[in-house]
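Novice: I would like the atomic coordinates for the input below:
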Amino acid sequence: MFVLNNKEDVLVLFRMTLYKKSQEELEEFSRDVYEAFQAIGVTSDMIHRRRHNYLLWETVDTTGSQLQGDPMSYFIVGSQVEGSTTIGMLSDTDFTCRYDNYQVVLKLGTWQTGKINLLAFKDETTPPQFYKLCRLQPTPDGRQEYMRDPDHETDVVDGQGRVLVCNTMLDNVIKRAYEALGEGEVVKHGPSRSWSDKCDHVYALPCHDLPEEYESFFTRSRPGHWPKSETLEYARQCQVFFIPQGHPHSPLNEHKLQWRLSTSLTERKLMFDFTEEQMLVFILLKMLKKEYCKLKIGDDFSTFHIKTAMMFCIESYPPEIWCIGNIVKCATYCINILIQWTQDNVCPHFTMGGVNLFDGKLSEPDIRELETFLISLREHITENICELKMDLFGVKVLQKVLAKESNIKHQTEILQEITWNIRSTQLVAVKHICLQLSKMDVNNAVCFMFNHVKNLRRLQSEGSDLQPEVANMLLPFLHGILASIKASCITTDQPVTQDIIDLYQHSFECDLMSGKLKYASMLYCRGQYDQAADMLNHCEGLLGPDVAHYCGCHGRRYDYLPDTFLRTCLNTSTVELWKTSSTSCVMFCKHELPCVPEHLQHEMYRTQTQKDMKERNALHIWMDLVVIDCMPFLIYLQYLVNRQKGNLPRRLLALFNLMDYINRDQPGQWLCDNARGHMDTTLHMLAHCWELEDRPDLAWQLYQQSINIYPTNNIAWVHLIRLFRKYFLREN
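Specialist: Here you go, the predicted structure:
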């Protein structure tokens, strides 16, 4: 195997390499390309893991939104959910955000009560794939008619008196939402709106009917082997969207009234039907395009053009050509299709008839330049592959890098990001539910939780696709909240009923520890110290160097992922991984406070001043809850329980363990000076222990240390005032 130490070595190797031209040599070279993909983590297994986890993420997002009462559904589309990306591509995550309180129809007569009904229509000014939308209203006799009075500040009344909806309608709503998040200006890329280079959000309105353009997808002639009949049947059920984007060449007054038709869900399903070899061809073409084409053509020749060419290529060529030894040759077949399109000046849309994807994207000179580039790319494809810098792919092809450790490293990096994105979305949904509960009285809160639990249990047994899996993920958290609320309603001289204990036991599936710690906290607060000690000992036995710790709270993010945990990712489902090998922070809402140690109850009131409020944004919803990291909460409860039990050795052991947690300089642990996670709350727990040990001087230092880390939205200020009044004024 070659060992390349520097750039000069690589260049020498390039000059030494004989680029394969014969059929046998090209097949051998294709196998080298396949092995290089394996080395950077692009395997059949990883592609399917990506798809499952991103679909899981979107289902968590949608379910969480519905539990909060928001009329939104989320769909992840594009390269991340397709599995058609690599680490080096730095691909963002594309969301289609559907407003479920809207319905767009293509003909009068369809009306849905409780929704904003719009009619989509075309006129002489609308290009292919674009529509205008006008508002509808019901008549007293149940028919529909055009709305005549504007309903929104951006509405426009046309010459026929109809109220037309501008594609800027959602911009102010989105802008206000992003400002609430404190994320600055909204970044626009075509129809997408975002505040981060990692995610793009396209806000869409659902279409009730199948448009004429889309119908042609099912009726046009094709060889028949692909798309499969079941895929076409699925596509008929796929909803299409109207997204807020006008045609680039339309006059401004027309541009703002146009909405583009999108079949992104159908396109996603078609991508899911790619074989491993077809997917690798597509990824290879994307790498070549991103590395070489952008410098010459720019972004107007997009990945979507390549995706469209791949679909027509798969549809046109027999299935037996798509094999490992043919990866490079199949890439040239796809390039040939693109070259033909440049010569015809037409790039057809795969799922919509009458649409030219070059229109509005590439001018005539651009198309000629693209044609020249594609011909050169085809003629020198092996050289171009060997010189790909992305993911060091060219070097890996030349070296035939197949080292198992390198393969695992890339795969675990991919899974790490996906796994925590889903976990974060799940915890955000739980936090929103907790905040909703805080606005209710306790009786309404119990009813509210019972309804949510009932709905999720229905999804468990009757839900479609990934809904049962998402229900399994969310239910344990809701069981834990409901158990604590019900336990809080019982006085300490009454026994905890079996139904509450059952709810707590169901909550143990949240993750390795957080549900169990909620139960132990309730037992401590009710004076059941022996049972609390047993549960805490059980929790301590679950910990080990292989356990991952995670908190997704904005401003306190904490993710410690040991190597052994990352390796476990490869052979364990995401949900099972959380249950058996990870912990997340413990959360309590207002109605659960009787089940929280008294000193920690103050954490719910960290926002005290106007300055505190100015430092917060919509992502800081956790600040109105009691939130603690699992490990220090376990140790703190051990201290409190053993203090009540009079067990001095174990009490002091817990005290020293909490000090050690704060000051330990170990992988995955945090020094106070470089704190992450809820280190302020951890310092407050240790300070309280020192107060109980009658060392207010040490407690004072810890509260000050907490303020040094987080000067605002920190309950330590209140504790300092309390200490000053209790100890230092008394001494003076």
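Novice: nearest spatial neighbour of the residue nearest the centre of the chain, skipping sequence neighbours?
Specialist: Closest to where the C-alpha atoms of the chain average out (Cα atoms, centre = their mean) is Asn421, at 4.5 Å. Closest residue in space to Asn421, ignoring its immediate chain neighbours: Trp57 at 5.6 Å, by Cβ to Cβ, 6 or more residues apart in numbering. For glycine as for every other residue, the C-beta is placed from the backbone atoms N, C-alpha and C.
Novice: helix, strand or coil for that neighbour?
Specialist: Put simply, Trp57 is helix when judged by DSSP: H, G, I helix; E, B strand; the rest coil.
Novice: so who does Lys431 touch?
Specialist: When contacts are counted by Cβ atoms under 8 Å, 6 or more residues apart in numbering, Lys431 touches 587, 621-622, 625.
Novice: three-state assignment of the nearest residue to Thr154 once chain neighbours are set aside?
Specialist: Residue nearest to Thr154 in three dimensions, not counting chain neighbours: Cys166, with 4.1 Å by Cβ to Cβ, 6+ apart. Of the three states, Cys166 takes coil under three-state DSSP.
Novice: list the contacts for Cys166?
Specialist: Residues counted as contacts of Cys166 (Cβ under 8 Å, 6+ apart) are 154-156, 256-257.
Novice: Which two of the residues you listed have the greatest separation?
Specialist: Asp155 and Lys256 (11.1 Å; Cβ to Cβ).
Novice: circling back: for the residue nearest to Asn421, the count of nearby residues, please.
Specialist: Trp57 has 27 neighbours, counted by other Cβ atoms under 10 Å.
Novice: how close does the nearest residue to Met72 once chain neighbours are set aside get to Val428?
Specialist: Nearest residue to Met72 in three dimensions, chain neighbours excluded: Ser65, at 4.7 Å (Cβ to Cβ, 6+ apart). Look at Ser65 and Val428: by Cβ to Cβ, to the nearest Å, they are 10 Å apart.
Novice: circling back: for the contacts of Cys166, give me TSV that also has distance to Ile481 and pLDDT.
Specialist: Output for the contacts of Cys166, formatted as TSV (distance: Cβ to Cβ, whole Å; pLDDT from 0 to 100):
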residue	distance to Ile481	pLDDT
Thr154	40	90
Asp155	42	92
Val156	47	93
Lys256	45	93
Leu257	47	95
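Novice: Out of those, which sit inside helices?
Specialist: With helices taken from DSSP state H, there is no overlap with the contacts of Cys166.
Novice: of those residues, buried ones?
Specialist: The neighbour-count test (16 or more other Cβ atoms under 10 Å) applied to those identifies 155-156, 256-257 as buried.
Novice: Now do the helices in the stretch 451-600 of the chain.
Specialist: Along the stretch 451-600 of the chain, counting by DSSP state H, counting those that start in this stretch, helices occupy 467-488, 498-507, 514-525, 529-542, 563-569, 574-581, 598-601.
Novice: do the stretch 601-732 of the chain as well
Specialist: Under DSSP H, counting those that start in this stretch, the stretch 601-732 of the chain gives helices at 610-614, 630-645, 648-663, 679-692, 696-709, 716-723, 729-731.
Novice: closest to Asn472 out of the ones you listed?
Specialist: Taking Cβ to Cβ, helix 630-645 is the member of the helices of the stretch 601-732 of the chain nearest to Asn472, at 20.7 Å.
Novice: what angle do that closest one and helix 529-542 make?
Specialist: 150 degrees (axes from the mean of the first three to the mean of the last three Cα atoms, to 10 degrees).
Novice: and helix 630-645, which residues are buried?
Specialist: 630-643.
Novice: Dump the residues you listed into CSV; add pLDDT as well.
Specialist: Supplementary listing: these in CSV, determined by pLDDT from 0 to 100:
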residue, pLDDT
Cys630, 93
Met631, 92
Pro632, 94
Phe633, 97
Leu634, 97
Ile635, 97
Tyr636, 98
Leu637, 98
Gln638, 97
Tyr639, 98
Leu640, 98
Val641, 97
Asn642, 97
Arg643, 97
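Novice: What is the nearest of those to Gly353?
Specialist: When these are compared for distance to Gly353 (Cβ to Cβ), Cys630 wins out at 55.9 Å.
Novice: Could I get the contacting residues of that closest one?
Specialist: Per Cβ under 8 Å, 6+ apart, neighbours of Cys630: 512-514, 517, 549, 583-586.
Novice: Repeat that for Asn472.
Specialist: Per Cβ under 8 Å, 6+ apart, neighbours of Asn472: 460, 509, 575.
Novice: which one of the buried ones among the contacts of Cys166 is nearest Phe241?
Specialist: Nearest to Phe241 among these, with distances taken as Cβ to Cβ, is Leu257, at 17.3 Å.
Novice: ok, back up a step: so which of the contacts of Cys166 is the closest to Gln237?
Specialist: Taking Cβ to Cβ as the measure, Gln237 sits nearest to Leu257 out of these, at 29.8 Å.
Novice: from what I can see the closest one touches Val163, true?
Specialist: No - contact criterion Cβ atoms under 8 Å: Leu257 and Val163 do not qualify, at 11.2 Å.
Novice: Mind listing the shared neighbours of the two?
Specialist: Val156.
Novice: just to revisit the earlier point, quick one: the contacts of Asn472 as CSV, columns for neighbour count, distance to Val442 and pLDDT too.
Specialist: Below are the contacts of Asn472 laid out as CSV (neighbours: other Cβ atoms under 10 Å; distance: Cβ to Cβ, whole Å; pLDDT from 0 to 100):
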residue, neighbour count, distance to Val442, pLDDT
Gln460, 15, 27, 91
Glu509, 17, 25, 91
Val575, 15, 31, 79
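Novice: from those residues, which is closest to Glu371?
Specialist: Val575 (49.0 Å).
Novice: Quick check: closest non-adjacent residue to that closest one.
Specialist: Per Cβ to Cβ, 6+ apart, closest to Val575 is Met473, 5.8 Å.
Novice: how much space between the one you found and Arg148?
Specialist: Taken as Cβ to Cβ, the span from Met473 to Arg148 is 48 Å.
Novice: cool, Leu720 as well?
Specialist: Distance from Leu720 to Arg148, by Cβ to Cβ: 63 Å.
Novice: In terms of neighbours, single out the busier of those two.
Specialist: Neighbour count, other Cβ under 10 Å: between Leu720 and Arg148, Leu720 has more, with 18 against 12.
Novice: okay, that one: pLDDT?
Specialist: On pLDDT, Leu720 comes in at 94.
Novice: Averaged over its residues, which helix or strand of this structure has the lowest pLDDT?
Specialist: Every helix and strand in the chain was compared by mean pLDDT, DSSP states H and E; the lowest is helix 7-16, with a mean of 42.
Novice: Just the CA atoms of the next helix or strand after that one, as CSV, please.
Specialist: Downstream of helix 7-16, the next assigned helix or strand under DSSP states H and E is helix 23-39. Written as CSV, here are the backbone C-alpha positions of helix 23-39 (Å, rounded to 0.1, in the frame of the first residue of the first chain):
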residue,chain,number,x,y,z
GLN,A,23,-13.1,-2.4,-20.2
GLU,A,24,-11.2,-4.7,-17.9
GLU,A,25,-9.2,-1.8,-16.4
LEU,A,26,-12.3,0.4,-16.1
GLU,A,27,-14.1,-2.4,-14.1
GLU,A,28,-11.1,-2.7,-11.8
PHE,A,29,-11.0,1.0,-11.4
SER,A,30,-14.7,1.0,-10.5
ARG,A,31,-14.1,-1.5,-7.8
ASP,A,32,-11.4,0.8,-6.4
VAL,A,33,-14.0,3.6,-6.4
TYR,A,34,-16.5,1.3,-4.6
GLU,A,35,-13.8,0.4,-1.9
ALA,A,36,-13.0,4.1,-1.4
PHE,A,37,-16.7,4.7,-0.8
GLN,A,38,-16.7,2.0,1.8
ALA,A,39,-13.6,3.6,3.4
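Novice: Now helix 23-39: buried residues?
Specialist: 26-27, 29-30, 32-39.
Novice: again, but for stretch 411-419
Specialist: Those would be 411-412, 414-416, 418-419, for stretch 411-419 by 16+ other Cβ under 10 Å.
Novice: What about Thr168, how many residues nearby?
Specialist: Applying other Cβ under 10 Å, we find 14 residues neighbouring Thr168.
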